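> kindly return the folded structure for what I paste below:
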Amino acid sequence: MLGNVSLRLLYKSSVHDSNIPGIEDDMNYISQITRATKHRNPLLAELRAYKPCVDFISEVRILLLGPSGSGKSSFINSVKSVFRGRVTHQATVTSDVTSITGQLSPSKPITPNHPTFISSPSLKDRIHCVAYVLDINSINDLSSKMVAKFKQVQKEVLSCGTACVLLLTKATNCSEFLQDNFLNMDKPMTSQSQIMHVSKMLNVPIYNTFVVENYTSEWELDPLKDTQILFVLRQMLRVAEDFFEDLP
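Numbers count the residues shown, from 1 in each chain. Below is the predicted model of the structure:
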């Protein structure tokens, strides 16, 4: 992708005509890519070296909850893609038993008789952060039943003191949700009324609400998407860290 953009830019630059349609857009895109890459690489290095602040926990456990097709598997694939340096679709993006959703089927709930059920989980076996995953384009279409289910789950999560975030997927243009200078990404990514509404509805603070554009049908990585995905992952880990620090 970068190679094609660079070649196109070189060809247009050789004409020395700023009035050529598209050259300004290409310049802006190249500028965005350059700035994003400067933040992408440090973020990736930071996350590769990440270790939980609690010594006896080797990994942070994040549970993704959301309707079928909301983007849970796609987000997992996207994170793996960035770390591997190539697009991967290891987590099946469907609603059957091979998908993330299919593995948590309400028709087959986990009971105390399940071979892997832990009646008194230690901290390392608990969920450290719950991420509610919703399609940003379908927020207004959530049924009252689904909203009630989310609220009940959130009530249980809060009673356990577990950290939580809201992840809004399927944004059409991730660059719209990034600060121009990529320096203030710890602030709320957007103040759109519908996002404020769902944040309030689920009782998740707006500063823990993130918008992300997953890799779905792409074949090549995009530094803009990478930067956003890595930032969201880092923020999720920081929310989990706050959960650890609040423990007795």
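
> what's the spatially closest residue to Asn214 that is not a sequence neighbour sitting at in phi/psi?
Nearest non-adjacent residue to Asn214, counting by C-beta to C-beta, 6 or more residues apart in numbering: Ser74, 3.8 Å away. Any C-beta I mention is one placed from the backbone N, CA and C, and that applies to glycine too. With angles defined as degrees, to the nearest 10, Ser74 sits at phi -60, psi -40.

> pretty sure His89 contacts Ile76?
No - contact criterion C-beta atoms under 8 Å: His89 and Ile76 do not qualify, at 10.0 Å.

> who's more crowded, these two?
Ile76 (18 against 15; other C-beta atoms under 10 Å).

> element containing Cys164, please.
Using DSSP states H and E, Cys164 falls within strand 163-169.

> wait, a strand at Asn41?
No - assignment of Asn41 by DSSP: H, G, I helix; E, B strand; the rest coil gives helix, placing it outside any strand.

> tally of neighbours for it?
By other C-beta under 10 Å, 14 other residues sit near Asn41.

> do the one 4 residues further on as well
The local packing of Ala45 (other C-beta under 10 Å) involves 10 other residues.

> quick check: it vs Arg126, distance?
28 Å (C-beta to C-beta, to the nearest Å).

> flag the shaky bits of the protein, pLDDT-wise.
Counting by pLDDT under 70, the ranges of the chain that qualify are 1-25, 91-107, 173-192.

> helices of that one, start to end?
All helices of the chain, identified by DSSP state H, fall at 2-13, 23-48, 72-84, 144-159, 193-201, 223-245.

> isn't the residue nearest to Asn214 right up against Tyr215?
Yes - between Ser74 and Tyr215 a contact is recorded at 7.0 Å, counting by C-beta under 8 Å.

> which non-adjacent residue is nearest Val54?
Of all residues not flanking Val54 in the chain, Phe244 sits nearest, at 5.0 Å (C-beta to C-beta, 6+ apart).

> in this structure the one you found contacts Cys129, no?
No - look at Phe244 against Cys129 with C-beta under 8 Å: they stay out of range, at 10.2 Å.

> of the two, give the one with the bigger neighbour count.
Set side by side, Phe244 and Cys129 show more neighbours around Cys129, with 23 against 15, by other C-beta under 10 Å.

> ok, the more buried one - contacts?
Going by C-beta atoms under 8 Å, 6 or more residues apart in numbering, Cys129 touches 60-63, 162-165, 236-237, 239-240, 243.

> please redo it, this time with the cut-off set to 10 Å
Shown in contact with Cys129 (C-beta atoms under 10 Å, 6 or more residues apart in numbering): 60-64, 157, 162-165, 208, 236-243.

> over to Asn140?
Residues in contact with Asn140, defined by C-beta under 10 Å, 6+ apart, are 194, 197-198.

> just the buried residues of the residues you listed.
Listed as buried from the contacts of Asn140 are Val198; burial here means 16 or more other C-beta atoms under 10 Å.

> ok, so of the contacts of Asn140, who is nearest Val147?
Val198 (9.2 Å; C-beta to C-beta).

> that older thread, quick check: the residue nearest to Asn214 vs Asp125, distance?
27 Å.

> Asn137 and Ile195 touch, don't they?
No - applying C-beta atoms under 10 Å as the test, Asn137 and Ile195 come out as separate, 11.7 Å apart.
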